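>>> give me a model of this one.
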Amino acid sequence: MTQAPAVEALGQGELRAAHTLFAAAIHRGPADDAAWARTSELYSPGRTLGVHADGALAATATSFPSGLAVPGGAVLPMAAVTRVGVRADHTRRGMLTALMHTQLADVADRGEPFASLRASEARIYGRFGYGIASRGRTVRVRADPTVLRPDAPRGGAVRLLRRDEIVPVLREVHGRIAARRPGGITRSEGWWSMAVTRRVEVDRAHVLAAVHTGPDGDDGFAVAHRGDGPGFPERSLEVLDLHAADVPATAALWRFLLGVDLVEHVQANLRPLDEPLELLLTDPRACAVLGVDDETWLRIVDVPTALAARSYGPADAVLLGVHDGVLAGNSGVFRIADGSAERVGPLDGSVRPELECTVAALAMAYLGDRSPSELVASGWWGAPDPSAVPRADAAFATPVRPWCGTYF
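Next up, the predicted model:
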């Protein structure tokens with residue numbers, strides 16, 4: 001029997017090597033000293049794992065602490081998993097599996113009910129219990145503020161930030177509004193340093209950072225930069241980050257972006273599926289949807305805690321059986337009723353489930369991205385009692401689509 005690779009927690013002295021290994025795995029070069037000074041801030045003490053082979057680091061994964069907003073408004077601890085990589089000459093030797101299993105056990109020991117990641121390849125993480133819990137669409141709109149309907153919501157004032165204002169102002173606004181939608185997460189100081197401060201201070205990139213002010217203060221922001229194009233006025237404006245508390249703030253920020261001079265169109269990736277952009281336009285065809293992609297890959301690490309923490313719509317009781325092949329303590333039959341959920345027995349006990357799913361398939365419905373009926377129809381969920389499907393749809397329904405809007 002082949003012995004599983006040994007996974008170790010890496011010390012501070014190996015973090016840069018771990019990052020260089022990860023960068024190579026996604027076909028990027030190593031960070032220089034200035035970039036590493038900012039990038040290193042996302043590495044949280046004790047959370048970086050590695051596998052060594054022949055005296056050298058061969059695989060690595062890390063996470064940083066965050067919080068996940070679930071339906072009903074609760075924010076629960078979450079491990080934001082990132083920088084997962086295996087050296088090209090050591091793939092398919094069980095190192096990734098060993099890393100993922102060790103990391104999930106560590107996340108559980110830390111009392112974090114969730115882990116989440118952004119997947120470079122869609123076929124990798126389902127076998128470790130991750131499921132697609134939110135999606136986003138890429139949109140491109142012709143750059144002309146007159147494409148917005150004259151009677152579209154106008155919102156309040158939009159102002160540009162100075163470079164020294166960008167991080168403190170955006171951090172404060174994001175902290176107030178991101179958790180209002182299921183799927184939103186908290187951003188650590190390390191995230192801001194790596195994702196924004198590095199771009200502004202180290203790369204010296206030119207960015208437009210605009211903030212919307214509504215009746216109750218700052219309630220939305222957009223960050224964008226010029227993209228490539230065949231000529232100066234034909235370039236795009238690429239939206240890097242856009243969060244808004246409501247439709248008026250969304251409309252005002254898009255009106256600002258579409259009015260920026262010397263760009264042909266504005267493009268934004270992974271926007272919420274329910275962002276009403278076409279409804280704001282005189283010609284809805286001015287908004288081209290270039291694709292819909294997976295955003296949040298969610299791993300429910302503590303199923304009883306996760307199911308009990310979210311809210312549910314009014315519905316008669318549903319008995320849901322959950323299977324977890326990695327964290328066996330999650331498996332069981334759960335009764336969802338009266339706006340909450342509790343475990344009522346083991347899978348092989350006297351209480352028989354009306355519906356059944358794996359922990360990965362549960363993640364697909366947990367935040368509200370997919371309905372149980374969709375998942376039953378496509379074979380992700382089983383339905384020993386089909387009459388339970390509409391009850392589950394009612395229970396798991398959410399008023400808005402889940403969305404995170406934070407890449408890590």
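>>> what about the nearest residue to residue 2 once chain neighbours are set aside, distance to residue 5?
Distances taken as Cβ to Cβ, 6 or more residues apart in numbering place residue 94 nearest to residue 2, at 7.2 Å, with adjacent residues excluded. Using the backbone N, CA and C atoms, a C-beta is placed for each residue, glycine as well. For residue 94, the distance to residue 5 under the criterion Cβ to Cβ, to the nearest Å works out to 6 Å.
>>> where do the strands of the stretch 101-250 of the chain begin and end?
Assigned by DSSP state E, counting those that start in this stretch, the stretch 101-250 of the chain shows strands spanning 114-117, 130-142, 157-160, 208-214, 217-226, 236-244.
>>> contacting residues around the fourth one?
The one in question is strand 208-214. Contacts to strand 208-214, defined as Cβ atoms under 8 Å, 6 or more residues apart in numbering, come from residues 155-161, 165-166, 169-170, 173, 218-225, 237, 244-246, 248-249, 252-253, 256-257, 260.
>>> just the buried residues from those residues, in PyMOL please.
What follows is the PyMOL syntax for the buried subset of the contacts of strand 208-214, where burial is set by 16 or more other Cβ atoms under 10 Å:
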select buried, resi 155+156+158+161+166+169+170+173+218+219+220+221+222+223+224+237+244+245+248+249+252+253+256+257
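>>> which secondary element of this protein has the worst mean pLDDT?
Least confident helix or strand of the chain, by mean pLDDT, DSSP states H and E, is helix 33-39 with a mean of 93.
>>> send the alpha carbons of it over as CSV?
Extracted C-alpha coordinates of helix 33-39, given in CSV (Å, rounded to 0.1, in the frame of the first residue of the first chain):
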residue,chain,number,x,y,z
ASP,A,33,11.3,41.9,-3.2
ALA,A,34,8.9,44.8,-3.4
ALA,A,35,6.0,42.7,-4.5
TRP,A,36,6.8,40.0,-2.0
ALA,A,37,6.7,42.5,0.8
ARG,A,38,3.0,43.1,0.1
THR,A,39,2.1,39.6,-1.1
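>>> who does the next helix or strand after it pair up with?
From helix 33-39 onward toward the C-terminus, using DSSP states H and E, the following helix or strand is strand 49-53. In the sheet containing strand 49-53, the strands it pairs with under DSSP bridges are strand 8-9 (antiparallel), strand 56-69 (antiparallel).
>>> got these as CSV, with mean neighbour count, distance to residue 337 and mean pLDDT columns?
As requested, the strands paired with strand 49-53 are arranged in CSV below (neighbours: other Cβ atoms under 10 Å; distance: least, Cβ to Cβ, whole Å; pLDDT from 0 to 100):
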stretch, mean neighbour count, distance to residue 337, mean pLDDT
strand 8-9, 13, 42, 98
strand 56-69, 22, 23, 98
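>>> re the thing from before, what about the residue nearest to residue 2, distance to residue 51?
Here the distance between residue 94 and residue 51 works out to 9 Å (Cβ to Cβ).
>>> who touches both of these two?
Taking Cβ under 8 Å, 6+ apart as the criterion, residue 94 and residue 51 both touch residue 5.
>>> thanks again, I'm all set now.
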